[in-house]
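Visitor: Structure for this input, please:
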Amino acid sequence: MVPDHILMILVLTGSYLLGSVPTGLLLGKAYGIDVRKQGSGNIGATNLYRTVGRKVGVMTLVGDCLKGMLPVLAVKYSSLPLEYAAWVGLAAFCGHVFSVFLKFRGGKGVATALGVFLALSPLAVAVALGVFVVLMLVWRYVSLGSISAAAVMPIAVWSLGGGRVVLMVTVLIALIVIVRHIENIKRLVAGTENRFQA
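Guide: Residues are numbered from 1 along each chain as shown. Below you'll find the model as predicted:
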């Protein structure tokens, strides 16, 4: 039988590699487009939605979300200690943001973080999603909604009694998401950020 610590190293590595799969880039190339050279240059769902189309944007969102959700669920329903699920989620998230297949570059991590937290703390996701939807309806900035939802997640996890490890991982993911949106924040302040068009 494989010792827990060896199994955990293997699971973390596998989760990182799964997270590293550039869903949006692969889907864009299937349609003959390198999304890194289109629109915002990001490989996430929003840029795919704008440059390739609604269907591909949704497919990217789902794919990136599953990259975060599936490894966490696998650990939650395994013999590994439950707190390991949070570290596995962080590994998958870091894979997306710092993809080994893209020279440690990647997306902003929102959809993959969504998948991680749907598996770790679905009630906290409901709170953050509520914030995202309200801001989107009022101002129609995906970036503003994403940044605000990320900022709310640690508070929601803490308020709902999330464990120390889960809270720590939530704070790390939220900080990375916000930092990855620095250019969006600059454009929001300057009033030049693109609004979402359905």
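
Visitor: can you count the residues close to residue 186?
Guide: Residue 186: 11 surrounding residues under other C-beta atoms under 10 Å. (Each C-beta comes from the backbone N, C-alpha and C, glycine too.)

Visitor: got the CA positions of the host helix or strand of it in PDB?
Guide: Using DSSP states H and E, the element containing residue 186 is helix 182-190. This file holds the C-alpha atoms of helix 182-190, laid out as PDB (Å, rounded to 0.1, in the frame of the first residue of the first chain):
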ATOM      1  CA  ILE A 182      -4.000  44.300 -12.000                       C
ATOM      2  CA  GLU A 183      -4.200  45.400 -15.600                       C
ATOM      3  CA  ASN A 184      -8.000  45.200 -15.400                       C
ATOM      4  CA  ILE A 185      -8.000  47.200 -12.200                       C
ATOM      5  CA  LYS A 186      -5.900  49.900 -14.000                       C
ATOM      6  CA  ARG A 187      -8.400  50.000 -16.900                       C
ATOM      7  CA  LEU A 188     -11.400  50.100 -14.500                       C
ATOM      8  CA  VAL A 189      -9.800  53.100 -12.700                       C
ATOM      9  CA  ALA A 190      -9.100  54.800 -16.100                       C
END
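
Visitor: elements contacting that helix?
Guide: Under the contact definition 3 or more C-beta pairs under 8 Å, 6 or more residues apart in numbering; DSSP states H and E, helix 182-190 sits against helix 142-159.

Visitor: Wait, residue 35 touches residue 25, no?
Guide: Yes: taking C-beta atoms under 8 Å as the definition, residue 35 is a contact partner of residue 25 at 6.2 Å.

Visitor: neighbour count winner among those two?
Guide: Neighbours of residue 35 and residue 25, each counted by other C-beta under 10 Å, are more numerous for residue 35; the result is 26 against 21.

Visitor: Would you enumerate the residues in contact with the more buried one?
Guide: Residue 35 makes contact with 24-25, 28, 41-43, 47-48, 51-52 under the criterion C-beta atoms under 8 Å, 6 or more residues apart in numbering.

Visitor: now residue 131
Guide: Residues in contact with residue 131 (C-beta under 8 Å, 6+ apart) are 145, 148-149, 152.

Visitor: Check the gap between it and residue 32 for me.
Guide: Separation of residue 131 from residue 32 (C-beta to C-beta, to the nearest Å) stands at 37 Å.

Visitor: Can you pull the phi and psi angles for the closest residue to residue 180 other than its chain neighbours?
Guide: The spatially closest residue to residue 180, leaving aside those adjacent along the chain, is residue 108, at 4.2 Å (C-beta to C-beta, 6 or more residues apart in numbering). With angles defined as degrees, to the nearest 10, residue 108 sits at phi -90, psi -10.
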